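In: sequence below, structure please.
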Amino acid sequence: MTFQPQMSHKSPDPTALPAPVAEQLATLALTRGRPLLIVDADEVLFYFMRGLERFLDGRDLYFDWASYALHGNIRQRRDNAPVAAEILHPLLQRFFAEATEELEPVDGAAEALAALSETAQIVVLSNVPMPAREARIRALARHGMAYPLIANTGPKGPAVATLLRQVMAPAAFVDDIPHNHTSVAEMAPATHRLHYIADQRLAALLGPAPDCHHRAETWPDLQAHIHSLLTQT
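Out: Predicted coordinates:
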């Protein structure tokens, strides 16, 4: 559930691969022909909202849980007013700087990925801000998920399409945000798209992503579905 606001009035091309992302993708040593699993991090591998609530509580702020969005739901305790948009971006950048390495791993994620890694190569595709990239790498390693990390910017379709061209093999994509599924559906339609939201409070605010193939409730569910998909002959 990473928040990345527009920094310009001119919308970027949603089909373009940002240069910093292309540079990271170029460093990957992927095996052509081997199945690929692409997984998000926040609310897929790490409990983003649990960490955000702790961070907000220390600043006399809270999350309202009125909708599946950060803007408008982060409020001041003193008067319940929402945090202004111009304050929200630096606030969340500070959250990632301070909390990325301390987020709790999602139950069952590491075990499921370890089992799936026997069949598939795994890449973590996260919209974590670039300054927090190294902290996320350390957190992944600390919790038994030391897979390659790509710090993405914007829609995920361009990065997924690039990954698929590298491997030319069956691929699955796991993410919590519906518009990322739409982006992947448009740019890499052969990718099997699984919608998963780890925090059940957050999951209750949103139905299945319109462009997903399957909405999963737990990592054991994801593991079984992905294993079946990627081992089909």
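In: drop to CA atoms for contacts and neighbour counts, all remaining ones
Out: Will do.
In: so Ala161 is in contact with Ala188, correct?
Out: Yes. Between Ala161 and Ala188 there is a contact at 5.0 Å, judged by C-alpha atoms under 8 Å.
In: anything in contact with each of those two?
Out: Both Ala161 and Ala188 lack any common contact, where contact means C-alpha atoms under 8 Å, 6 or more residues apart in numbering.
In: list the contacts of the spatially most central residue of the chain.
Out: Centroid-nearest residue in the chain, with C-alpha atoms, centre = their mean: Asp40, separated by 2.9 Å. Shown in contact with Asp40 (C-alpha under 8 Å, 6+ apart): Val124, Leu125, Ser126, Val174, Asp175, Asp176.
In: under a three-state scheme, what state does the fourth one occupy?
Out: Under the three-state scheme (DSSP: H, G, I helix; E, B strand; the rest coil), the conformation of Val174 reads as strand.
In: please apply the same query to Ile122.
Out: Strictly by three-state DSSP, Ile122 counts as strand.
In: partners of it in the sheet?
Out: Leu37 (DSSP bridges).
In: so what does the residue nearest to the centre of the chain look like in phi/psi?
Out: Dihedral pair for Asp40: phi -70, psi 170, per degrees, to the nearest 10.
In: can you give the domain ranges for this structure?
Out: By the assignment in automatic domain parsing, the chain contains the domains 19-47+104-230, 49-102.
In: out of those, deepest packed?
Out: domain 19-47+104-230 (a mean of 19; mean count of other C-alpha atoms under 10 Å).
In: pLDDT averaged over that domain - what is it?
Out: Taken as a whole, domain 19-47+104-230 has a mean pLDDT of 97.
In: max-length helix in this structure?
Out: When the chain is parsed with DSSP state H, its longest helix is helix 85-99.
In: list of residues touching the next helix or strand after that helix?
Out: Sequence-wise, the next helix or strand downstream of helix 85-99 (DSSP states H and E) is helix 109-116. Residues outside helix 109-116 that contact it (C-alpha under 8 Å, 6+ apart) are Val44, Leu45, Ile122, His143, Gly144, Met145, Trp219, Pro220, Gln223, Ile226, His227.
In: inside strands: which ones of these?
Out: Using DSSP state E, the subset of the contacts of helix 109-116 located in strands is Ile122.
In: point out the ones among the contacts of helix 109-116 that are inside helices.
Out: Among these, the ones falling in helices (DSSP H) are Trp219, Pro220, Gln223, Ile226, His227.
In: show me where the protein has its helices.
Out: 19-25, 48-57, 85-99, 109-116, 133-142, 157-167, 178-187, 200-203, 219-230.
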